[in-house]
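1. Here is my input, please return the structure:
(chains A and B)
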There are 2 protein chains.
Amino acid sequence: MADAVGVIGVGAMGLGIVRSLVRGGFETIGRDIDATRESLARSSGARVVASAAQTGAAAQVTIVVVVDAAQVEEVLAGAQGLLSTVGPGSLVMLCSTIAPEDAARLAARIEQTGALALDAPISGGPARAEAGTMSVMLAGRRDALKHAEPVLAAISGKRFVVGERHGDAMRAKLVNNLMAGIHLMAGAEAIALAERLGLDPRAMFGLIAASSGQSWMFEDRMARALLDDYEPRAAAHVLTKDLTLANEAARAAGVELPLGALARDLLRATCDGGWRLEDDAAALKYYRRRFGN
Amino acid sequence: MADAVGVIGVGAMGLGIVRSLVRGGFETIGRDIDATRESLARSSGARVVASAAQTGAAAQVTIVVVVDAAQVEEVLAGAQGLLSTVGPGSLVMLCSTIAPEDAARLAARIEQTGALALDAPISGGPARAEAGTMSVMLAGRRDALKHAEPVLAAISGKRFVVGERHGDAMRAKLVNNLMAGIHLMAGAEAIALAERLGLDPRAMFGLIAASSGQSWMFEDRMARALLDDYEPRAAAHVLTKDLTLANEAARAAGVELPLGALARDLLRATCDGGWRLEDDAAALKYYRRRFGN
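-> Prediction:
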């Protein structure tokens, strides 16, 4: 029989994961602090339980996909926490993007119970989570990776095993998202400049997408922005947080990131401009205001 | 009979263009101030003449692909310049990347002779110039575009008609190259950070190339850099010049480019670090030194 799988945190990504698991034939258990999210999980085919502890008691694999390190800490070690019920034979996957040292520290606490732990940040957005094709970066012991394999196959399209050291998957994700954040702001800067120079921004979009200025973020985000579509598939504050973490990780390693720090500041300014909860494609609105376009 | 085509400036790009023209069956005339380059053009099948004026007298289409605006000016209006021999029935394509206002001003001087002019910056590097698959951005009158069509088909794979106003193709190229420059430095920053964080840079290269941090420049340049291959396909000083022009074009339009200015400064620092004539992938060497990797 397939493992029972718990998903703690059924926001946009978690709900997509629930649906991929149900479709994959897993007995799926959902848990969230928000009753509305829980009812979405229930109507997607998950059984809903009353606490993280109950999730850990019922599931062989528990996926933690809450917002930040404080929430992960609460899920694990708070009242009715996961650490009170997981142990030998169970596995916890830490999928929220948090600081690498937090991931390593929390994974160690999970392992103290006898359970296995994976540092497993995810990427790709809600649509790919729901399609079961998101990307997962993975760091942890081989037996943990082996234990997680069927679940990973159901929820992800690309899996990058970064190494055995917990925290390294978070580091890899932060390095990738550092690039994504810089490219987002570069794309907005370029489109706003094109407008300023009297060029047709949609024609420039096509030209850049087919030329050496191309980036994945440019094609994805500026396509939306040029259609005035700022419905949040990736809210601006999320990448802002990731860039803050990337700069902190760099500082912890003794270096400063010139472009990373500037892109973080530009993302913060986008959030402060009133677009925090809009799609991060709103970077274009920030630049248009800044340039007076 | 096909037009005779002149190529003034047979550096790496110009020589590739000569070879594409010869392969395409055009009578090809080459001219350079450097005799070594001229002999390369000759051995590629071009007839070599002694001045820009002689090129203009012999060719129906003349491609100017020298280094900067001062050289374009010299080719056009210097002693034995092109303007003394071109006129009705001939076309001059300005393919060097120069400031948009310079392109507009020089195109107007060409048109005063009765000749047609195209603002036609190119991109893609020497290998694609030689294969006849480089990209060309184009601005100018419809009759000029029509006149140039057979030649453009022989030398380029992608053609982007930006508009009729001379200078706009340069503007479009500068906006694209602004992105390319930011992405180059972002890629170097990310790889150097990955090294600093104890991650395997080659594994990170694959992860980023398949994830949201992907960019064309990252894939192209960091692939070389991670093989320690800094043979100049695109010397660092060239993109540095382009970013300087992009920032100047922005300033002329009344705005400052935060990421563009920083990327320009980082490119200049790469040049000043002793890597001016190496491939711009040397951005990674700059970052490694900066980070003490």
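2. so which strand or helix has the residue in the stretch 51-200 of chain A that chain B sits nearest to?
-> Nearest residue of the stretch 51-200 of chain A to chain B, counting by CB to the nearest CB: residue A:179, 3.1 Å away. All C-beta spots, glycine's among them, are computed from the backbone N, C-alpha and C. Using DSSP states H and E, residue A:179 sits within helix A:168-196.
3. quick one: the very next helix or strand once past that helix to helix B:168-196, angle?
-> For helix A:168-196, the succeeding helix or strand toward the C-terminus, using DSSP H and E, is helix A:201-209. With axes from the mean of the first three to the mean of the last three CA atoms, to 10 degrees applied, the angle from helix A:201-209 to helix B:168-196 works out at 50 degrees.
4. after helix A:201-209, next one along is what?
-> According to DSSP H and E, the helix or strand after helix A:201-209 is helix A:216-217.
5. anything in that next one near chain B?
-> Yes: counting by CB under 8 Å from any CB of the partner chain, contacts between helix A:216-217 and chain B involve A:216, A:217.
6. by contact count, what packs against that helix?
-> helix A:168-196 (3 or more CB pairs under 8 Å, 6 or more residues apart in numbering or on different chains; DSSP states H and E).
7. Only the buried residues of the helix it packs on, if you could.
-> For helix A:168-196, the neighbour count (16 or more other CB atoms under 10 Å in any protein chain shown) marks A:168-196 as buried.
8. repeat for stretch A:266-277
-> Those buried within stretch A:266-277 under the rule 16+ other CB under 10 Å are A:266, A:267, A:268, A:269, A:270, A:271, A:273, A:275, A:276.
9. With stretch A:59-73 instead?
-> Neighbour count says stretch A:59-73 has A:59, A:60, A:61, A:62, A:63, A:64, A:65, A:66, A:69, A:71, A:72, A:73 buried, by 16+ other CB under 10 Å.
10. In helices only, show me the residues you listed.
-> Applying DSSP state H to the buried residues of stretch A:59-73, the entries found in helices are A:69, A:71, A:72, A:73.
11. Between those residues, which sits nearest residue B:95?
-> Taking CB to CB as the measure, residue A:69 is the one of these closest to residue B:95, at 53.3 Å.
12. so who does that closest one touch?
-> A:96, A:98, A:99, A:102, A:106 (CB atoms under 8 Å, 6 or more residues apart in numbering or on different chains).
13. Whether the longest strand seen in chain A contacts chain B - can you check?
-> For chain A, the strand with the greatest residue count under DSSP state E is strand A:156-163. Yes: interface with chain B: strand A:156-163 contributes A:158, A:160, A:162, A:163 (CB under 8 Å from any CB).
14. and the residue located most distally from the centre of chain A, how far is that from residue B:139?
-> Distance to the chain centre peaks in chain A at residue A:198, reaching 37.1 Å (criterion: CA atoms, centre = their mean). From residue A:198 across to residue B:139, the span is 11 Å (CB to CB, to the nearest Å).
15. Now the common contact residues for those two.
-> By CB under 8 Å, 6+ apart, the residues touching both residue A:198 and residue B:139 are B:165, B:168.
16. any weak-confidence spans in chain A?
-> Within chain A, the ranges that satisfy pLDDT under 70 run A:1-2.
17. hey, where'd the helices end up in it?
-> Using DSSP H, the helices of chain A run over residues A:12-23, A:35-43, A:52-58, A:69-77, A:100-112, A:126-131, A:142-155, A:168-196, A:201-209, A:216-217, A:223-226, A:236-252, A:258-270, A:283-291.
18. which residues sit in contact with residue A:221?
-> Going by CB under 8 Å, 6+ apart, the list of residues near residue A:221 reads A:184, A:187, A:188, A:279, A:280, A:281, A:283.
19. Now the two most distant members of those residues.
-> Maximum pairwise distance in the contacts of residue A:221, criterion CB to CB, is 13.1 Å, between A:187 and A:279.
20. can you tell me how far the closest residue to the residue of the stretch 51-200 of chain A closest to chain B other than its chain neighbours sits from residue B:9?
-> Excluding its sequence neighbours, the residue lying closest to residue A:179 (CB to CB, 6 or more residues apart in numbering or on different chains) is residue B:213, at 3.1 Å. According to CB to CB, residue B:213 and residue B:9 sit 37 Å apart.
21. returning to what we had before: and the residues of strand A:156-163 next to chain B, which of them are buried?
-> Neighbour counting with 16+ other CB under 10 Å marks A:160, A:162, A:163 as buried within those.
22. what would the residues you listed look like in TSV with distance to residue B:44?
-> Formatted as TSV, those follow (distance: CB to CB, whole Å):
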residue	distance to residue B:44
A:160	45
A:162	48
A:163	50
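23. Of those, which is the nearest to residue A:154?
-> Once CB to CB is applied, the member of those that ends up nearest residue A:154 is residue A:160, at 17.2 Å.
24. My guess is that closest one contacts residue A:139. True?
-> No: at 9.6 Å, residue A:160 does not count as touching residue A:139 under the criterion of CB atoms under 8 Å.
25. Just the CA trace of stretch A:265-282, in CSV.
-> Output of stretch A:265-282 as CSV, limited to C-alpha atoms (Å, rounded to 0.1, in the frame of the first residue of the first chain):
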residue,chain,number,x,y,z
ASP,A,265,16.0,46.9,-2.5
LEU,A,266,14.1,47.4,-5.8
LEU,A,267,11.8,44.5,-4.9
ARG,A,268,11.2,46.1,-1.5
ALA,A,269,10.4,49.3,-3.2
THR,A,270,7.9,47.5,-5.4
CYS,A,271,6.3,46.0,-2.3
ASP,A,272,6.3,49.4,-0.6
GLY,A,273,4.8,51.0,-3.7
GLY,A,274,1.5,49.2,-2.8
TRP,A,275,2.1,46.0,-4.9
ARG,A,276,3.2,43.6,-2.2
LEU,A,277,0.3,41.2,-2.7
GLU,A,278,0.2,41.6,-6.5
ASP,A,279,2.1,39.4,-8.9
ASP,A,280,5.8,40.3,-8.8
ALA,A,281,5.3,41.3,-12.5
ALA,A,282,4.2,44.6,-10.8
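26. Just confirm yes or no for it near chain B.
-> Yes: using CB under 8 Å from any CB, stretch A:265-282 reaches chain B at residue A:266.
27. try stretch A:242-253
-> Yes: for stretch A:242-253, a contact with chain B is found by CB under 8 Å from any CB, at A:246, A:249, A:250, A:253.
28. Make a PyMOL selection of the buried ones in these.
-> With 16+ other CB under 10 Å as the criterion, this PyMOL line picks the buried residues out of the residues of stretch A:242-253 next to chain B:
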select buried, chain A and resi 246+249+250
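29. ok, back up a step: can you list residues touching both of residue A:160 and residue A:139?
-> A:169, A:172.
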